[in-house]
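>>> This is a predicted model, with the sequence first.
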Amino acid sequence: DGAALRSGPLAGRRILVSAGGTREPIDPVRFLGNRSSGKQGAALARAALAAGAEVTFVAAHLDVAPPEGADLVRVDSALELRDAMVERAPDADVIVMAAAVADFRPAEQHASKIKKRDDTADPVITLVRNPDILAELVQRRNAAGRPQLIVGFAAETGDAGASVLDYARDKLERKGCELLVLNEVGTDRVFGRDENSVTILARDGSEPEHAEGSKDEVAAAVIRRVTRELEAQQT
Ligand code: CTP
Ligand code: CA
């Protein structure tokens, strides 16, 4: 498939990228979703391809075209995304979890469309927690003793109790991944937009790195950082 012809700093490396927003089924025609466009994830996959990597792109719902040249896997729900990632993770040198995974899903999926009837009470949708895919991928990697670089994303807002950076450091610790790309979110920021501004945090405690610009520029900065981490692992 031309893999042998690829050149660049990530030639010979396999990168597994998840992107887009999951859709959690309520009934055959309805779902709970989120505003993720998949733009940043698609840009990351393109940046990895441009750097010579072999890319598998696991796409939940996207508002953009999937990256050309990547091996495309389509999923809908968080549970499907989890299965797709766990299946492909063992082959990856790098995993990038850019997908917006629903934290909760409807406890039950109705087999037929929920009808509005005058003689029954309005439905109540009970939610249950979805598995934490990123944390599971880290656990599996650790259990297998595999060298693998895992990158998480975080959309955070600061509040009176703690700053965005504090929340992000906490999340990085909790998830156990090597890098965490932090997006500061607020009204009108990030979702669906072409510009982005992120801070890349590393578990090794090195100085946080700021990157901003188009989502392609941010993606290139993240991929440069990934490349540096891989080079450091080898020495
Ligand atoms: N993530 C995941 N599985 C989930 C939820 C999130 O793999 N069920 C991943 C996301 O893809 C992202 C990272 O975890 O790379 C952080 O997601 P985020 O929503 O910021 O963190 P949560 O752990 O869900 O915490 P919260 O939403 O409460 O801040
Ligand atoms: Ca979440």
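Structure received. Ligands and ions are numbered 1, 2, ... in the order given.

>>> Quick one: residues contacting the residue nearest to A98 when sequence neighbours are not counted.
Among residues not flanking A98 along the chain, G41 sits closest, at 3.6 Å (C-beta to C-beta, 6 or more residues apart in numbering). Any C-beta I mention is one placed from the backbone N, CA and C, and that applies to glycine too. The contact partners of G41, by C-beta atoms under 8 Å, 6 or more residues apart in numbering, come to 17-20, 57, 59, 96, 98-99.

>>> would you turn these into JSON lines with neighbour count, pLDDT and secondary structure?
Below are the contacts of G41 laid out as JSON lines (neighbours: other C-beta atoms under 10 Å; pLDDT from 0 to 100; DSSP: H, G, I helix; E, B strand; the rest coil):
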{"residue": "V17", "neighbour count": "28", "pLDDT": "98", "secondary structure": "strand"}
{"residue": "S18", "neighbour count": "32", "pLDDT": "98", "secondary structure": "strand"}
{"residue": "A19", "neighbour count": "29", "pLDDT": "98", "secondary structure": "strand"}
{"residue": "G20", "neighbour count": "29", "pLDDT": "98", "secondary structure": "coil"}
{"residue": "F57", "neighbour count": "29", "pLDDT": "99", "secondary structure": "strand"}
{"residue": "A59", "neighbour count": "25", "pLDDT": "98", "secondary structure": "strand"}
{"residue": "V96", "neighbour count": "30", "pLDDT": "98", "secondary structure": "strand"}
{"residue": "A98", "neighbour count": "25", "pLDDT": "98", "secondary structure": "coil"}
{"residue": "A99", "neighbour count": "27", "pLDDT": "98", "secondary structure": "coil"}
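
>>> From the residues you listed, pick out the ones that also neighbour ligand 1.
Among the contacts of G41, the ones lying near ligand 1 by C-beta under 6 Å from any ligand atom are A99.

>>> Stretch 146-153: which residues count as buried?
By 16 or more other C-beta atoms under 10 Å, the buried positions in stretch 146-153 come out as 148-153.

>>> Contacts only, for V96.
So V96 contacts 15-18, 41, 44, 48, 151, 222, 226 (C-beta under 8 Å, 6+ apart).

>>> again, only using 10 Å
Listed by C-beta atoms under 10 Å, 6 or more residues apart in numbering, the contact set of V96 reads 15-19, 40-41, 44-45, 48, 55, 57, 149-153, 177, 179, 181, 219, 222-223, 226.

>>> same deal with P67?
P67 makes contact with 17, 19, 38, 41-50, 55, 57, 59, according to C-beta under 10 Å, 6+ apart.

>>> before we move on, what about S214?
Contacts of S214 by C-beta under 10 Å, 6+ apart are 39, 43, 193-196, 220.
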